[in-house]
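Visitor: dropping a prediction and its sequence here:
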Amino acid sequence: MQARILIKLRTLNNVDVTESPAGSAPKAVVSYAAAAVGCSPDAVTDVIRFDQGNRHAVYRVSYIARSGEGADAVVRVSFSGSDVDRAQACLEAAVLTKVGGVAGPALYDFHDESPWFPTPVMCLQFVDGHSRQLALVSPAHIQALGSVVAWLHEQSTEDLDEHFRSNNAIGSYADARLHSILETLSWVRDPLPTAAQDQLHKAAKRLQTAWPQQRESEAFASGEQLALLHGDIGPGNVLWTPAPILIDWEYARIGDPADEIAYLFDQNGLTAEQRDLFWRGYRGGVHVRNHEHVIERATWWAPLTLLGSTLWWVQRYVRRADAEVAGTDDSEAPREPSYYLDQLTMRLDRLNSQLTKTS
């Protein structure tokens, strides 16, 4: 069969893909994909490049399997071959080997260096699903997501020790995360409005002051082990098949499950009713840890993760504003300053409201 290689403009799973001239798909992508899935390069019928990712080129590759049926896979090629990026790719591959097929897409193949590419490349299961705002999915879906996240948090991490550095203590992890977030307060400066600066410093001071007492609570001092976290269960990183599948595992880490859940609740804007549904699914999937402790810690993590999210947008706003003053570009903050200011203001309002409720 003669391969028909096309890269074309499409919208797939709500993600736009780029347009390139027919026949311009990199031959290395075709050759690698064929080797990874076990077919002839001539059996590759379609290649679509997704318009996403600052660190990778991502392709959907369609091919005729040995059974004669059409099939699809995803090829992801790293732009960089630095030691840091190779280590990150190896970590992600190790995580996907563990969770693929249940909480994430199955990993078919991975090379940190190969005859096809000088940079890391992996071939993954193509998840034929759709992303939706979690606030709009059914109650059963929210509960199912809770079960999948619980399954993830239950997995042993011993075989991942070479990729993660962790002291495996909940309290120490929270110490480090609090310190890491507070370090980003250095971005709270002009041209950020003075009122916003004052509010952020007050919120950070309050969380920092309350932490020592919270650290001694049973929920934090119980000796529970850390868990494998996805690291970014935000909008766009859950595909419904209809079961939930988590994608984009670049930020996977070992940490407190409550940190991940607090982030999930905030980033997806889940209502109190939806959070209850999530916890119902989560409880049903937890067997080796105290879910009541996770719930209690999530209450503490909620304002801290929101502070961290707000400060992330503060950094982008200040970087964009500084770049405009200097007459330069900043690839990490390419949009207008008003966009970043609106995003951080919205989160700061939520943070102030959250802290007011707990005062």
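Guide: On my side now, so go ahead.
Visitor: in this protein, where is pLDDT below threshold?
Guide: Across the chain, residues meeting the criterion (pLDDT under 70) sit at 1-25, 52-54, 165-168, 359.
Visitor: can you pull the buried residues of the longest helix seen in it?
Guide: Longest helix in the chain by number of residues (criterion: DSSP state H): helix 291-326. Neighbour-count burial for helix 291-326, counted by 16 or more other C-beta atoms under 10 Å, picks out 291, 293-298, 300-323. Every C-beta, even on glycine, is put in place using the N, C-alpha and C of the backbone.
Visitor: for stretch 212-219, same thing?
Guide: By neighbour count on 16+ other C-beta under 10 Å, the buried set for stretch 212-219 is 214-215, 219.
Visitor: give the contact list for the most centrally placed residue in the chain.
Guide: Central residue of the chain (C-alpha atoms, centre = their mean): residue 232, 2.7 Å from the mean position. Residue 232 sits next to 248, 250-251, 263 when contact means C-beta atoms under 8 Å, 6 or more residues apart in numbering.
Visitor: adding distance to residue 74, write those residues out as TSV.
Guide: Shown next, in TSV, are the contacts of residue 232 (distance: C-beta to C-beta, whole Å):
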residue	distance to residue 74
248	11
250	14
251	18
263	25
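Visitor: in helices, which of those fall?
Guide: With DSSP H as the criterion, helices contain residue 263 from among the contacts of residue 232.
Visitor: report the contact partners of the closest residue to residue 160 other than its chain neighbours.
Guide: Closest residue in space to residue 160, ignoring its immediate chain neighbours: residue 94 at 5.9 Å, by C-beta to C-beta, 6 or more residues apart in numbering. Contacts for residue 94 (C-beta under 8 Å, 6+ apart) come out as 159-160, 163.
Visitor: narrow those residues to those that are buried.
Guide: Listed as buried from the contacts of residue 94 are 160, 163; burial here means 16+ other C-beta under 10 Å.
Visitor: okay, the contacts of residue 94 in JSON lines with distance to residue 193 and secondary structure next?
Guide: JSON lines is the format used below for the contacts of residue 94 (distance: C-beta to C-beta, whole Å; DSSP: H, G, I helix; E, B strand; the rest coil):
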{"residue": "159", "distance to residue 193": "48", "secondary structure": "helix"}
{"residue": "160", "distance to residue 193": "43", "secondary structure": "helix"}
{"residue": "163", "distance to residue 193": "41", "secondary structure": "coil"}
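Visitor: in a markdown table: the contacts of residue 94, plus distance to residue 204.
Guide: Converted to a markdown table, the contacts of residue 94 look like this (distance: C-beta to C-beta, whole Å):
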| residue | distance to residue 204 |
| --- | --- |
| 159 | 37 |
| 160 | 32 |
| 163 | 31 |
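Visitor: relative to residue 35, which of the contacts of residue 94 is nearest.
Guide: Proximity of those to residue 35 (C-beta to C-beta) peaks at residue 163, which lies at 25.1 Å.
Visitor: would residue 123 count as being in a helix?
Guide: No - if the criterion is DSSP: H, G, I helix; E, B strand; the rest coil, then residue 123 is strand and not within a helix.
Visitor: tell me which residues touch residue 240, please.
Guide: Applying C-beta under 8 Å, 6+ apart to residue 240 gives the contacts 129-132, 137, 141.
Visitor: apply 6 Å and report the result again.
Guide: Residue 240 makes contacts with 129-130, as judged by C-beta atoms under 6 Å, 6 or more residues apart in numbering.
Visitor: quick check: beta-bridge partners of it?
Guide: Each beta-bridge partner of residue 240 is listed here, defined by DSSP bridges: residue 130, residue 244.
Visitor: who does the helix or strand hosting residue 75 pair up with?
Guide: Per DSSP states H and E: residue 75 is located in strand 70-78. Partners of strand 70-78 in the sheet, by DSSP bridges, are strand 56-64 (antiparallel), strand 121-125 (antiparallel).
Visitor: among those, which is nearest residue 349?
Guide: When the strands paired with strand 70-78 are compared by C-beta to C-beta, strand 56-64 sits nearest residue 349, at 34.3 Å.
Visitor: residue 329 belongs to a helix?
Guide: No - counting by three-state DSSP, residue 329 is not found in a helix; it is coil.
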